[in-house]
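Q: Coordinates for the following, if possible.
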Amino acid sequence: MLKLPINNDTKFGKIIKLVRTSMDMTQKELAKELKVSSTIICFIESGKNFPSDSLFDRLWKFITDNKINVDERTFRIAYDISRGKVDLKGMSIEKKMLTAKLATGNFTKTQLELLDKFINGSIDHGKKST
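A: Sure thing, here's the model as predicted:
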């Protein structure tokens, strides 16, 4: 599996370049596969631009069609971090760990059940009844 970095410095373009180079493809070849110009691929890889949601979906389809071993949640979180939708700065260590676990899917069944109960409000949050 390709190791994808997940932190505030994650650049989605670097991940696209990693995927592309793992397949020994040029920017022009990837652009042809995705039906975009090589300039768009260049801009995405350099961080000057981000793919649209539809191009993101085509990138993910390309990755899965070519059986490139990349975790989808990690890929999507890296995309969101690069677009400023997720900011790890100022997060508590617990929230950073939760984000990393969500990205990697590294939860036990019991942890997922507890998380679901907590989110749905069916776990006591430490408040004492009066």
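Q: Residue 56 reaches residue 79, doesn't it?
A: Yes - contact criterion CB atoms under 8 Å: residue 56 and residue 79 qualify, at 6.1 Å. All C-beta atoms are positioned from the backbone trio N, CA, C, and that covers glycine.
Q: Just want to know which of these two has more residues nearby.
A: residue 79 (21 against 18; other CB atoms under 10 Å).
Q: what separates the spatially closest residue to residue 47 that is not a sequence neighbour from residue 83, distance-wise?
A: Using CB to CB, 6 or more residues apart in numbering and skipping residues adjacent in sequence, the residue nearest residue 47 is residue 13, 4.8 Å away. Using CB to CB, to the nearest Å, residue 13 is found at 12 Å from residue 83.
Q: who has more neighbours, those two?
A: The neighbour comparison of residue 13 against residue 83 (other CB under 10 Å) goes to residue 13, with 20 against 12.
Q: Residue 40 is in contact with that one, correct?
A: No - with contact defined as CB under 8 Å, residue 13 does not reach residue 40; the gap is 11.1 Å.
Q: if I look at those two, which residues touch both of them?
A: Both residue 13 and residue 40 lack any common contact, where contact means CB atoms under 8 Å, 6 or more residues apart in numbering.
Q: re the thing from before, need the overlap of contacts for residue 56 and residue 79.
A: With CB under 8 Å, 6+ apart, residue 56 and residue 79 have no common neighbours.
Q: number of nearby residues for residue 19?
A: Should you count by other CB under 10 Å, residue 19 turns out to have 20 residues around it.
Q: cool, residue 75 as well?
A: Residues near residue 75, counting by other CB under 10 Å: 22.
Q: helices or strands up against the one helix or strand it maps to?
A: Using DSSP states H and E, residue 75 falls within helix 72-82. When contacts are defined as 3 or more CB pairs under 8 Å, 6 or more residues apart in numbering; DSSP states H and E, helix 72-82 packs onto helix 12-22, helix 53-65, helix 93-104.
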